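[1] model the following, please.
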Amino acid sequence: MRVGIDLGSRTIKVATLVDGVLQDFRVEESGFEPHRQALEMVGSYKPGKITATGYGRHLAHKHFAQDVITEIKAHALGARHYYPDCMTILDVGGQDCKVIVLNQSGKVANFQMNDKCAAGTGRFLEIMAASLGYTIKEFGEAAMTSHQDVVINSMCTVFAESEVISMKNSGIKPADIARAVHLSVTSRLVGMLNRIGYKEKVVFSGGVANNPCIVKMLEERLQIPVFIPETPDIVGALGAAIHAGKNENDTLS
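    Numbering: from 1, shown residues only. This next block holds a predicted model:
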């Protein structure tokens with residue numbers, strides 16, 4: 001058994017592989033001591049090797065993981081496992097966004113990250129949803145009921161939250177504001193894809209890929225289908241598990 005663990009900013013994901021087949025996975029909140037939480041999560045398995053990725057990968061390596069891999073490589077491996085011919089990965093997690101472009105053989109050709117600001121990430125959506133009284137699931141559903149073109153001018157989390165509260169107090173319907181927030185996030189993601197020069201097929205990974213409104217808006221803006229793995233949250237962990245089962249000279253560069 002090979003185990004991959006992705007210690008993200010918001011959640012920890014574990015994926016296990018046996019003979020190249022995904023056997024099990026877990027997703028839990030990171031907590032105050034993520035390496036201890038991670039160790040508990042892998043404790044029920046009997047891995048031959050553990051590879052860590054994500055923000056806390058070096059902490060995991062220090063305490064229990066045998067190897068580490070960057071998030072870029074992990075998502076490339078994980079996305080190709082689900083979609084062997086994919087060329088672009090859009091990963092939107094709790095605190096960052098990244099776009100990864102692959103070559104024909106699946107190696108990383110280029111990538112771009114937005115890791116300096118929470119704008120456009122899962123955390124941004126959570127804060128905007130809470131300011132309108134929605135759960136994150138309700139937030140996307142509400143946005144899809146609106147057809148109004150309300151504009152959010154700021155993507156800074158602090159200023160955007162103030163803008164949302166001001167809109168709400170001026171009588172704009174919460175669903176219309178929800179749509180405006182989703183349009184702003186989508187525009188930011190499309191901008192990243194356009195800057196890097198994305199190629200079909202585009203795979204959307206990370207927790208935000210579970211938001212059907214963002215997926216729909218991306219497809220409308222890009223005019224191409226966007227492919228979502230069955231469990232988009234664990235793509236990085238799966239890639240780490242795949243790496244754990246490879247020889248060093250087989251890994252992505």
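[2] for the helix or strand of the chain with the lowest mean pLDDT, which outside residues touch it?
    In the chain, no helix or strand scores lower on mean pLDDT, DSSP states H and E than helix 157-169, which sits at a mean of 85. For helix 157-169, contacts defined as C-beta atoms under 8 Å, 6 or more residues apart in numbering pick out 117-119, 123-124, 127-128, 131-132, 150, 152-154, 174, 177, 180-181, 184. Heads up, the C-betas are built off the backbone N, CA and C, glycines and all.
[3] for the longest helix along the chain, what is the average pLDDT?
    Using DSSP state H to define each element, the chain has its longest helix at helix 174-196. Across helix 174-196, pLDDT averages out at 93.
[4] who does the next helix or strand after that helix pair up with?
    Proceeding C-terminally, helix 174-196 gives way to strand 202-205 as the next helix or strand, assigned by DSSP states H and E. Partner strands and pairing direction for strand 202-205 (DSSP bridges) are strand 88-92 (parallel), strand 226-227 (parallel).
[5] reformat these as CSV; add mean neighbour count and distance to Ser9.
    Converted to CSV, the strands paired with strand 202-205 look like this (neighbours: other C-beta atoms under 10 Å; distance: least, C-beta to C-beta, whole Å):
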stretch, mean neighbour count, distance to Ser9
strand 88-92, 27, 12
strand 226-227, 20, 23
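[6] so the least confident helix or strand of the chain versus helix 174-196, what angle?
    Helix 157-169 and helix 174-196 are oriented at 150 degrees to each other (axes from the mean of the first three to the mean of the last three C-alpha atoms, to 10 degrees).
[7] just the C-alpha atoms of stretch 95-102, please, in PDB.
    C-alpha atoms of stretch 95-102 as PDB (Å, rounded to 0.1, in the frame of the first residue of the first chain):
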ATOM      1  CA  GLN A  95      -6.000  29.700   0.500                       C
ATOM      2  CA  ASP A  96      -4.500  29.600  -3.000                       C
ATOM      3  CA  CYS A  97      -5.200  29.100  -6.700                       C
ATOM      4  CA  LYS A  98      -2.900  27.500  -9.200                       C
ATOM      5  CA  VAL A  99      -3.000  26.800 -13.000                       C
ATOM      6  CA  ILE A 100      -0.700  24.000 -14.200                       C
ATOM      7  CA  VAL A 101       0.000  23.300 -17.900                       C
ATOM      8  CA  LEU A 102       1.300  19.900 -19.000                       C
END
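[8] gap between it and the chain center?
    Stretch 95-102 has its C-alpha centroid displaced from the chain centroid by 8 Å (C-alpha atoms, centre = their mean, to the nearest Å).
[9] list the contacts of that stretch.
    Outside stretch 95-102, the residues touching it (C-beta under 8 Å, 6+ apart) are 8-10, 55, 71-72, 75-76, 79-80, 86-91, 108-115, 118, 120-123, 188-189, 192-193, 196-199.
[10] what do you get if the cut-off is 7 Å, keeping everything else the same?
    Identification of contacts with stretch 95-102 by C-beta atoms under 7 Å, 6 or more residues apart in numbering yields 9-10, 72, 75-76, 87-91, 108-115, 118, 120-121, 123, 189, 192-193, 196, 198-199.
[11] make JSON lines out of the strands paired with strand 202-205 and add mean pLDDT and distance to Val215.
    Shown next, in JSON lines, are those (pLDDT from 0 to 100; distance: least, C-beta to C-beta, whole Å):
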{"stretch": "strand 88-92", "mean pLDDT": "97", "distance to Val215": "10"}
{"stretch": "strand 226-227", "mean pLDDT": "97", "distance to Val215": "6"}
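[12] good, wrapping up.
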